[in-house]
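Visitor: pasting the sequence and the predicted coordinates here, then a few questions.
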Amino acid sequence: QVQLVESGGGLVQPGGSLTLSCAASGSIFSIYDMGWYGQAPGKQRELVATIARDGTTDYADSVKGRFTISRDSAKNTVYLQMNSLKPGDTAVYYCNADIFGRRTPGSGASVNVYWGQGTQVTVSS
């Protein structure tokens with residue numbers, strides 16, 4: 001069974017830094033685009049950053065110059081380095097990946113979108 005597991009959230013003061021990690025595991029043959037989304041209280045989930053298999057990245061305007069997305073293909077892991085954090089960055093952060101693999105043991109291989117369980121990031125003094 002393919003799954004994404006996030007880690008690294010927490011409470012940080014304004015101006016501080018955090019690094020989020022998201023590891024994919026299970027019957028995986030290939031991972032395509034990976035990304036991070038944030039959902040603030042009372043708001044819709046929004047794109048924060050994405051990284052393609054070839055390393056091409058894209059960022060929301062609000063985080064450009066402060067956040068960096070990267071991936072380690074050998075570890076099936078995507079990272080989000082978050083610097084100069086602001087209270088407005090407070091949200092639950094979800095990782096996302098397009099994965100070619102087996103959804104369940106014994107099933108045929110297919111490409112599906114997977115989400116992590118989310119990790120809380122709170123920026124407050």
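Guide: Yep, that arrived.
Visitor: burial count for residue 82?
Guide: Residue 82: 26 surrounding residues under other Cβ atoms under 10 Å. Any C-beta I mention is one placed from the backbone N, CA and C, and that applies to glycine too.
Visitor: that one: what's it in contact with?
Guide: Contacts of residue 82 were listed using Cβ atoms under 8 Å, 6 or more residues apart in numbering, and they are 17-20, 63, 66-67, 89, 121.
Visitor: tell me the secondary structure for the most far-flung residue of the chain relative to its centre?
Guide: Most distant from the centre of the chain: residue 106, at 27.6 Å, with distances by Cα atoms, centre = their mean. Look at residue 106: counting by DSSP: H, G, I helix; E, B strand; the rest coil, its state is coil.
Visitor: give me the distance between it and residue 27.
Guide: Residue 106 is 10 Å from residue 27, where distance means Cβ to Cβ, to the nearest Å.
Visitor: likewise residue 1?
Guide: Distance from residue 1 to residue 27, by Cβ to Cβ: 8 Å.
Visitor: okay, and the common contacts of those two?
Guide: residue 105.
Visitor: more neighbours, the two?
Guide: Taking other Cβ under 10 Å, residue 1 and residue 27 do not tie; residue 27 has more neighbours (15 against 11).
Visitor: backbone dihedrals for that one, please?
Guide: Note on residue 27: its backbone torsions stand at phi -80, psi 90 [degrees, to the nearest 10].
Visitor: so it makes contact with residue 101?
Guide: Yes - with contacts counted by Cβ atoms under 8 Å, residue 27 reaches residue 101, the gap being 5.0 Å.
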